[in-house]
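J.: Kindly generate the corresponding structure for this input.
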Amino acid sequence: MSTPAFGRVLTAMVTPMKEDGALDLDAAASLACHLVDHGNDGLVINGTTGESSTTTDEEKSALLRVVLDAVGQRCRVIAGVGTNDTRHTLHLARAAEEVGAHGLLVVTPYYNKPPQSGLIAHFRQVADATELPVMLYDIPGRSGVPLTVPTLLDLASHPRILAVKDAKADFWAASEVMRATDLLWYSGNDGDNLLHLAQGSVGVVGVTSHVAAGRYAEMVAAMESGDIDTARRIHFSLVPAVNAVMGITQGAMSVKAALVEQGVLTCDAVRGPLLTLTDDERARLRAGLKESGLL
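T.: Modelled structure (predicted):
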């Protein structure tokens, strides 16, 4: 398989923290190496799962730098830079380029619910601000506003807007855009991976891939070679794990706990308003991972 600009199996990496909530940069470097060793050819740093809403700009740069030093020669390191303030997003994009990121993930501005014309202006300004390739992140469940088909068709004409992380679950809209453009499509919901790959997505940007990257790499390769039966088997085998990581509580909380269960992290601390899992949630998480053969 040829590898697209952002890779094929990307994990939206959690940000390891110490018990007091401080960044654990040594653990971040170790986690990045673990993820690449186990099947990821791309990592998204400072995304939603990385608790970007509660890390400072300085912490974002420090985290990006340590991951690039650890695995930047072995995988694509994509910086999450999206905010609901265009000026702030431009600042983060330029800072990421200066540190050495290989690309940018830019989420739809959230909470302020801009019109589609405002979204087009926002994304074009970000794409003009650096020389880095841009992946749009369409997740109306968090942002409140979808990227419509006409908006995506407009943005596809920008030479640095190359890809979409689709967490909208509108598969017909995805078909319309994929048919009409050269945008690289990535599944942005773990439960939707097989469906997106079946209609031509080039890869996934996942959370459950923290604990199952090898399986997802096999799924992507199987779909690329036309082995739908193998891809379907892998998909079904991961249903309990996806339900455990994404369905019990907030994903960053669950996946940190899952990495502790696997012995990859020693601490699952998160920053408020997130909380560590309750004993009941942890038991349910453990059961789902075991059912998928991941413990």
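J.: so where is the stretch 151-295 of the chain shaky, pLDDT-wise?
T.: Low-confidence segments of the stretch 151-295 of the chain (pLDDT under 70): none present.
J.: just the strands in it please.
T.: Here the stretch 151-295 of the chain has its strands, by DSSP state E, counting those that start in this stretch, at 161-166, 184-187, 203-206.
J.: Packing partners of the longest one?
T.: This means strand 161-166. strand 134-138, strand 184-187 (3 or more CB pairs under 8 Å, 6 or more residues apart in numbering; DSSP states H and E). All C-beta atoms are positioned from the backbone trio N, CA, C, and that covers glycine.
J.: Alpha carbons only: can I get the last one in PDB?
T.: Put plainly, it is strand 184-187. What follows is strand 184-187, C-alpha atoms only, in PDB (Å, rounded to 0.1, in the frame of the first residue of the first chain):
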ATOM      1  CA  LEU A 184      -8.300  12.000   1.700                       C
ATOM      2  CA  TRP A 185     -11.000  10.600   3.900                       C
ATOM      3  CA  TYR A 186     -10.400   9.300   7.400                       C
ATOM      4  CA  SER A 187     -12.900   7.700   9.700                       C
END
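J.: Might you quantify the distance of that strand from its chain's geometric centre?
T.: With CA atoms, centre = their mean, to the nearest Å as the basis, strand 184-187 stands 11 Å off its chain's centre.
J.: Against which helices or strands is it packed?
T.: On a contact count with 3+ CB pairs under 8 Å, 6+ apart, strand 184-187 meets strand 161-166, helix 171-180, helix 193-198, strand 203-206.
J.: what does the shortest one contact?
T.: Think strand 203-206. Strand 203-206 is contacted by residues 4, 6-12, 42, 44, 105, 135, 165, 184, 186-188, 190, 193, 196-197, 216, 220 when judged by CB atoms under 8 Å, 6 or more residues apart in numbering.
J.: now do the third one
T.: Judged by CB under 8 Å, 6+ apart, the contacts made with helix 193-198 from elsewhere in the structure are 166, 171, 174, 185-187, 204, 206, 216, 219-220, 223, 228, 231-232, 235.
J.: Report how many residues lie close to the nearest residue in space to residue 51 that is not next to it in sequence.
T.: Leaving aside its sequence neighbours, residue 51 sits nearest to residue 15 (CB to CB, 6 or more residues apart in numbering; 5.2 Å). Neighbourhood size, residue 15 [other CB atoms under 10 Å]: 26.
J.: I'd like the helices and strands packed on strand 161-166 laid out as a markdown table, including distance to residue 99 and mean neighbour count.
T.: A markdown table is the format used below for those (distance: least, CB to CB, whole Å; neighbours: other CB atoms under 10 Å):
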| stretch | distance to residue 99 | mean neighbour count |
| --- | --- | --- |
| strand 134-138 | 16 | 27 |
| strand 184-187 | 23 | 24 |
